[in-house]
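Q: When you get a sec, could you give me coordinates for this:
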Amino acid sequence: MVRRGITFLLENSLFLIGGTFAALVWANYDHESYERMVHMQVFGKTIHFWVTDVGMSLFFLLAGKEVFESFLPGGSLSSLRKAATPLVATLGGMIFPAAVFYGCCMVFDRQDVLRGWAIPCATDIAFSYLIAKIIFGPNHVAIPFLLLIAIADDAGGLAILALGYSQGGGDWYSCGLLLLLAMCIGLLLRVCSVKSFLPYLIGPGVCSWLAFEAGGLHPALGLVPIVCLMPHERKDIGIFVEAEDALPDALNRMEHCLKPLVEGILGLFALVNAGVVFSNVAAPTGFVLGSLLVGKPLGIFLCTIVAMAIFSLEMPHGMTKRDLLVVGMVAGIGFTVSLFVSVVAFPEGGVVLDAAKMGALFSFGSGLVAIATAKLLGVQREKSPDRVSVPILLAEVEG
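A: Okay, here's the model as predicted:
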């Protein structure tokens with residue numbers, strides 16, 4: 001019973017929801033004590049640093065793992081033919097929200113907010129997946145299409161965070177040497193046939209994280225480069241399939257072992273970052289929320305339709321234009337990643353950061369809008385999924 005309860009909490013990201021709720025209540029009840037907690041020193045660094053810069057590196061490590069596997073044979077992005085339509089949708093889902101955000105800043109003369117242009121580009125994988133299952137059912141063809149968009153979003157988001165939000169003043173010489181050292185240690189571990197993922201985290205992982213810190217890049221991305229160094233399967237069997245838990249390679253064992261920890265870290269991340277006083281709702285809140293609610297679905301829908309007309313691309317069999325519109329709305333849930341980008345975009349804090357955070361938090365409303373729109377459009381829910389068994393998927397990988 002206890003084990004099933006914990007599994008339910010993990011699968012539905014309730015630690016993240018709980019952390020968000022606790023942060024909002026605490027910050028609005030006693031903001032001063034909340035701020036003292038966030039900036040409390042532990043081993044010479046603040047709690048905010050340990051959670052956002054160190055703990056979240058494990059979250060982005062798992063996100064990087066999904067991106068990497070999607071390029072393997074059989075993966076969702078392994079061929080241009082398979083990836084073309086969701087990649088076009090992703091491109092629209094990143095460009096349109098950024099353009100809406102930029103337009104809002106120009107119209108309302110808020111150049112001080114322009115640095116947050118990437119906040120609405122993100123899609124929260126966990127919550128978008130949860131809402132999509134509620135709307136479409138667990139095995140609808142729209143689910144993997146949405147996850148492809150979210151994964152490609154992650155890849156683009158990682159690039160934006162690394163290149164667009166460099167902290168500046170970094171020592172690139174030290175950064176290069178540390179990255180080279182990480183690569184060398186990783187290759188040595190592979191040559192020595194080290195199967196456990198822990199040596200890769202302790203050796204190459206630490207070196208890579210320090211390299212990002214030294215180079216002025218956000219250290220939360222510091223573990224992403226080591227993904228390709230770990231032993232992995234020859235092909236990808238899908239996104240979030242149960243069979244991955246039974247695979248023996250280092251990459252999948254790492255995900256299986258770290259997922260509960262990462263869910264807890266996401267809860268802590270929400271606790272130390274989501275504590276915004278409701279009175280801080282301001283123009284940037286509307287910029288972020290409007291970009292996600294309007295720009296994201298509009299970009300995904302229009303770019304996909306235009307690409308289908310011009311380049312003869314196709315949506316997955318069984319997916320309609322109504323489904324595509326709803327998928328775009330579900331992808332408007334920025335939440336975790338948008339919250340993270342907000343913190344990176346406005347590291348100095350202040351009213352702008354708090355207002356942007358509110359927009360990221362309110363973006364969960366995009367899921368409610370998507371549910372209502374699906375009901376209005378008569379989107380059909382898959383009631384009896386044809387589930388593929390774990391042994392069949394394992395046999396496919398081994399073959």
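
Q: Span of stretch 268-288 from start to end?
A: Distance between the boundary residues of stretch 268-288 (Cα to Cα, to the nearest Å) amounts to 23 Å.

Q: List the buried residues of it.
A: Taking 16 or more other Cβ atoms under 10 Å as the basis for neighbour counts, the residues of stretch 268-288 that come out buried are 268-276, 280-288. To be clear about C-beta, it is placed using only N, CA and C from the backbone, and glycine gets the same treatment.

Q: now, which of the residues you listed lie within strands?
A: When DSSP state E is applied, these are split such that none fall in strands.

Q: Run a quick check on Phe68 versus Leu229, I expect a contact.
A: No - between Phe68 and Leu229 no contact is recorded; they are 10.4 Å apart, counting by Cβ atoms under 8 Å.

Q: pLDDT weak spots in the stretch 151-300 of the chain?
A: Low-confidence segments of the stretch 151-300 of the chain, defined by pLDDT under 70, are located at 166-169, 237-246.

Q: All the helices of it, in order from the start?
A: For the stretch 151-300 of the chain, applying DSSP state H, counting those that start in this stretch gives helices covering 172-191, 198-200, 206-215, 250-273, 283-290, 296-311.

Q: Would you mind telling me which of those helices is nearest Lys133?
A: Evaluated over those, closeness to Lys133 peaks at helix 250-273, with 17.2 Å, by Cβ to Cβ.

Q: helices or strands next to the closest one in the packing?
A: Packed against helix 250-273 by the contact rule (3 or more Cβ pairs under 8 Å, 6 or more residues apart in numbering; DSSP states H and E) you find helix 2-11, helix 14-29, helix 47-49, helix 56-70, helix 335-345.

Q: Averaged pLDDT, the shortest one. What do you get?
A: If I follow you right, that is helix 47-49. Averaging pLDDT along helix 47-49 gives 94.

Q: One more: the fourth one?
A: In this model, helix 56-70 carries a mean pLDDT of 85.

Q: re the thing from before, right, so of the helices of the stretch 151-300 of the chain, which gets closest to Val113?
A: Taking Cβ to Cβ as the criterion, helix 283-290 is the member of the helices of the stretch 151-300 of the chain that comes nearest to Val113, at 5.0 Å.

Q: Now do that closest one: distance to the chain's middle.
A: Its chain's C-alpha centre lies 20 Å from the corresponding centre of helix 283-290 when counted by Cα atoms, centre = their mean, to the nearest Å.

Q: Tell me how far Phe278 lies from Lys259.
A: Between Phe278 and Lys259 the distance is 33 Å, computed by Cβ to Cβ, to the nearest Å.

Q: Lys321: what's it in contact with?
A: Under the criterion of Cβ atoms under 8 Å, 6 or more residues apart in numbering, the neighbours of Lys321 are 301, 305.

Q: Just want the phi and psi numbers for the residue lying farthest from the centre of the chain.
A: Summary for the chain: using Cα atoms, centre = their mean, the residue whose C-alpha lies farthest from the chain's mean C-alpha position is Cys192, with a distance of 33.0 Å. The phi and psi torsions at Cys192 (degrees, to the nearest 10) take the values phi -80, psi 10.

Q: that older thread, between the helices and strands packed on helix 250-273, which one is closest to Ala99.
A: Ala99 lies closest to helix 335-345 among those, at 16.3 Å (Cβ to Cβ).

Q: Extract the C-alpha set from the closest one and format it as CSV.
A: What follows is helix 335-345, C-alpha atoms only, in CSV (Å, rounded to 0.1, in the frame of the first residue of the first chain):
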residue,chain,number,x,y,z
PHE,A,335,5.6,25.7,-15.2
THR,A,336,8.8,24.0,-14.0
VAL,A,337,11.1,24.8,-16.9
SER,A,338,9.6,28.3,-17.3
LEU,A,339,10.1,28.9,-13.6
PHE,A,340,13.8,27.8,-13.9
VAL,A,341,14.4,30.1,-17.0
SER,A,342,12.8,33.0,-15.0
VAL,A,343,15.4,32.5,-12.2
VAL,A,344,18.2,32.4,-14.7
ALA,A,345,17.0,35.3,-16.8
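
Q: what's the following helix or strand past it packed up against?
A: Next in sequence after helix 335-345, counting helices and strands by DSSP states H and E, comes helix 351-362. Counting by 3+ Cβ pairs under 8 Å, 6+ apart, the packing neighbours recorded for helix 351-362 are helix 283-290, helix 335-345.

Q: any idea of the angle the longest one forms with helix 56-70?
A: Between the direction of helix 335-345 and that of helix 56-70, the angle (axes from the mean of the first three to the mean of the last three Cα atoms, to 10 degrees) works out to 120 degrees.

Q: contacts for helix 335-345?
A: By Cβ under 8 Å, 6+ apart, the surrounding residues in contact with helix 335-345 are 16, 52, 56, 115-116, 118-124, 126-127, 153-154, 157, 160-161, 165, 218, 220, 266, 269-270, 273-274, 288, 292, 353, 356-357, 359-361, 363-364.

Q: Mind checking the pLDDT average for it?
A: Regarding helix 335-345, the rounded mean pLDDT is 87.

Q: about what we covered before: quick check: which of the helices of the stretch 151-300 of the chain is nearest to Phe101?
A: Among the helices of the stretch 151-300 of the chain, helix 283-290 sits nearest to Phe101 (Cβ to Cβ), with 5.4 Å.

Q: confidence score at Arg387?
A: Per-residue confidence (pLDDT) for Arg387: 42.

Q: In contact with Leu187, which residues?
A: For Leu187, the set of contacting residues under the criterion of Cβ under 8 Å, 6+ apart consists of Leu229.

Q: and if you look at Pro86?
A: The contact partners of Pro86, taken as Cβ under 8 Å, 6+ apart, are 76, 145, 148-149, 152.

Q: so how many other residues sit close to the residue lying closest to Asp53 once chain neighbours are set aside?
A: For Asp53, ignoring the flanking residues on the chain, the nearest one in space by Cβ to Cβ, 6 or more residues apart in numbering is Pro219 at 4.8 Å. Neighbour count of Pro219, defined by other Cβ atoms under 10 Å: 22.
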